[in-house]
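> How does the following fold in three dimensions:
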Amino acid sequence: MGYAEAMWDLNRLRIWRAVVATGSVVDAARSLNYTSATVSQHITTLQKAVGVPLYRRSGRGIEITDLGKRLAEESSDVFTGLGRLDDLVESVRTVNRPRMRIAAFTSFNAGLLPGIIEPIAAEHPDMRFDIQLNEPAKVRRSHCTIEIRSEVPQEDEVHLPGMTRTVLFDDDYRVVVSDRHRFASLKSVPFKDLEDQRWVDYDLWAGPTSKVVDLACAAAGFEPRTFAASEDEFAALALVASNLAITVLPRLSSAQLRQGLTAVGLSDPTPVRRIVMHVREREAHLPHVRSFVTAAEAVVADYLAR
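Now for the predicted structure:
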């Protein structure tokens, strides 16, 4: 690999452009669904590779140098060119068979996506559906037509370039406990009552889903007593089913629990995440995309009415 190839890592360039566009590491991390530490690591590595200052530390933030601003500006043509290459490859791939790429999180894919896809598959029997996970979020995915994301209602809205954002619904949280737990027979539990419980943390990458819980804990005036942490939701729920700890999940994630588990409502406060749909603007006019939007609204309305 030559010197220039080693220096110009596309993901780091995308992250750098987000930092310049937002003016801060924190805001760039929020827009990309990354942690601030991850963004800081990438821009530090980029600056070392370039060999000249792109930014300087200024108080608790950064000050972007003239070169740093020019780097962000001049690299726009690179990403425009990549977009054209994507379009070229995509046009060849879909000559004989139409394809729809959808990015969403696991509980949406399992709970709502089949009902949305069903009428589209009936209308377009040759359609192929490529379904990707976007939590943890990546900086860039290959040409997604539809992207379903979670947001923290207390934070700024996230708008993805070239896509139209629509709010689908607000998803409230529940405490999930073993059938043997004293909460299992209750209809609702004050959030404050979770303070003395042992918790299982299932979201190690600090995404929107866990940020909502962190804000609820702060509002209730305590920090959770973490008993275990696991990237595997099945492992986390197995610990809960054994009555070793509790966990807090969105309603959509707790809709189909394994035997031995119970989901109980929360109050004072009731944590809520926002589910939004992003549709690629240049494809929004296509019949199958319009059908997806219509079906998504109908399936969500049915889900909320249960």
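> ok, residue 111 - contacts?
Going by C-beta atoms under 8 Å, 6 or more residues apart in numbering, residue 111 touches 252, 255, 256, 303. Yep, even glycine has a C-beta here, placed from its N, CA and C like the rest.
> The third one contacts residue 106, doesn't it?
Going back to what we said before, that points to residue 256. No - shown here, residue 256 and residue 106 do not form a contact pair, counting by C-beta atoms under 8 Å, at 11.8 Å.
> More neighbours: which of these two?
Legend: neighbour count by other C-beta atoms under 10 Å for residue 256 and residue 106, higher for residue 106 (13 against 9).
> check contacts around the more buried one.
133, 135, 233, 253.
> on that earlier part again, of the contacts of residue 111 - the most surrounded one?
residue 252 (22 neighbours).
> Mind checking what secondary structure that one has?
coil (DSSP: H, G, I helix; E, B strand; the rest coil).
> Can you give me the distance of residue 60 to residue 114?
According to C-beta to C-beta, to the nearest Å, residue 60 stands 46 Å off from residue 114.
> before we move on, what about residue 98?
19 Å.
> When these two are compared, which one has more neighbours?
Neighbour totals were compared for residue 98 and residue 114, and residue 98 leads with 14 against 11 (other C-beta under 10 Å).
> And for residue 260, the neighbour number?
For residue 260, using other C-beta under 10 Å, the count is 15.
> was I right about it contacting residue 241?
Yes - assessed by C-beta under 8 Å, residue 260 is found in contact with residue 241 at 4.3 Å.
> Can you work out which residues contact both of the two?
Residues touching both residue 260 and residue 241 by C-beta under 8 Å, 6+ apart: residue 178.
> So what's the model's average confidence on stretch 74-94?
In this model, stretch 74-94 carries a mean pLDDT of 77.
> where does residue 298 land on pLDDT?
Turning to residue 298, the model gives it a pLDDT of 97.
> any idea how far residue 151 is from it?
22 Å.
> Settle it for me: which of the two has more neighbours?
Neighbours per residue, other C-beta under 10 Å: of residue 298 and residue 151, the larger number sits with residue 151, 21 against 13.
> okay, the more buried one: pLDDT?
Residue 151 is assigned a pLDDT of 95 by the prediction.
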